[in-house]
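*Asks:* just need the structure, nothing else, for what follows:
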Amino acid sequence: MVAPDLTAPLDGPPVGESDSRALLVGYLDWYRDALLRKIDGLSDAQLRTAPEPMGWSPLGLVQHLTWVEHRWLRWGFLAADVDPFPPGGDEAEWQVPADRPADTVLSAWAAEAEHSRAVVAGAALDQPAAVGGRFATPEHAPPLARILFHLLQEYARHVGQLDIMRELVDGRTGE
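*Replies:* Got it, this is the predicted structure:
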């Protein structure tokens, strides 16, 4: 085993950061950037390859995370009148049609992430989600901090899975 470089900077927000908002938003953005680093350099065919036993492709994961952002910030936090899931359910959320360009999937993800950033910038961490979308009653509506923590764990888990997938697709390993 190789000893870790103890002089290397930590990933994510600056090492001295202790503000809860800065940490949640900073790490969420770090994982969004990590997602892009993990797929950087993959051909269109590799982006669409679903190695066994995964059952989904790197591009399918990006599409899924687009829906995750949409579901938790638009439908969940804002209670916007939107479809929380794509027509066709799980399969449509994870499987990218062959005629959908990769740039379209990536642009949709980037736009959804930017929308999420704008929502978060305008709300306090202790602000509860609006009632009427994902959450039927005030008692079930979590504060924004809880939603951000959920998004953070979604990204952390899926980017970790993408590490494994990337190694299966072309042998490249990440940090």
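*Asks:* so what touches stretch 99-115?
*Replies:* With contact meaning C-beta atoms under 8 Å, 6 or more residues apart in numbering, stretch 99-115 is reached by 32, 44, 47-48, 59, 62-63, 65-66, 69-70, 73-74, 96. (Each C-beta comes from the backbone N, C-alpha and C, glycine too.)
*Asks:* now, which of these sits nearest residue 145?
*Replies:* Nearest to residue 145 among the contacts of stretch 99-115: residue 73, at 13.2 Å, using C-beta to C-beta.
*Asks:* tell me which element the nearest residue to residue 95 once chain neighbours are set aside is part of?
*Replies:* Nearest non-adjacent residue to residue 95, counting by C-beta to C-beta, 6 or more residues apart in numbering: residue 60, 5.8 Å away. Using DSSP states H and E, residue 60 sits within helix 58-69.
*Asks:* pull that helix out as PDB, backbone CA atoms only.
*Replies:* The C-alpha coordinates for helix 58-69 follow below in PDB (Å, rounded to 0.1, in the frame of the first residue of the first chain):
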ATOM      1  CA  PRO A  58     -21.900   7.000 -17.300                       C
ATOM      2  CA  LEU A  59     -24.200   9.100 -19.400                       C
ATOM      3  CA  GLY A  60     -27.200   7.400 -17.800                       C
ATOM      4  CA  LEU A  61     -25.800   8.300 -14.400                       C
ATOM      5  CA  VAL A  62     -25.600  12.000 -15.500                       C
ATOM      6  CA  GLN A  63     -29.200  11.800 -16.600                       C
ATOM      7  CA  HIS A  64     -30.200  10.200 -13.300                       C
ATOM      8  CA  LEU A  65     -28.500  13.000 -11.300                       C
ATOM      9  CA  THR A  66     -30.300  15.600 -13.400                       C
ATOM     10  CA  TRP A  67     -33.500  14.100 -12.200                       C
ATOM     11  CA  VAL A  68     -32.200  13.900  -8.600                       C
ATOM     12  CA  GLU A  69     -31.500  17.600  -8.600                       C
END
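*Asks:* touching that helix from outside, list them.
*Replies:* With C-beta under 8 Å, 6+ apart, helix 58-69 has contacts from 35, 38-39, 42, 46-50, 56, 84-86, 93-96, 102, 105-106, 108-109, 112-113, 115-116, 151, 154-155, 158, 161-162, 165-166, 169.
*Asks:* that one: what's the following helix or strand?
*Replies:* Downstream of helix 58-69 (by DSSP H and E), the next one is helix 89-94.
*Asks:* check the offset of the next helix or strand after that following helix from the chain's centre.
*Replies:* Heading C-terminal from helix 89-94, the first helix or strand you meet, by DSSP H and E, is helix 102-121. Centroid separation for helix 102-121 versus its chain: 10 Å, with C-alpha atoms, centre = their mean, to the nearest Å.
*Asks:* sounds good, over and out.
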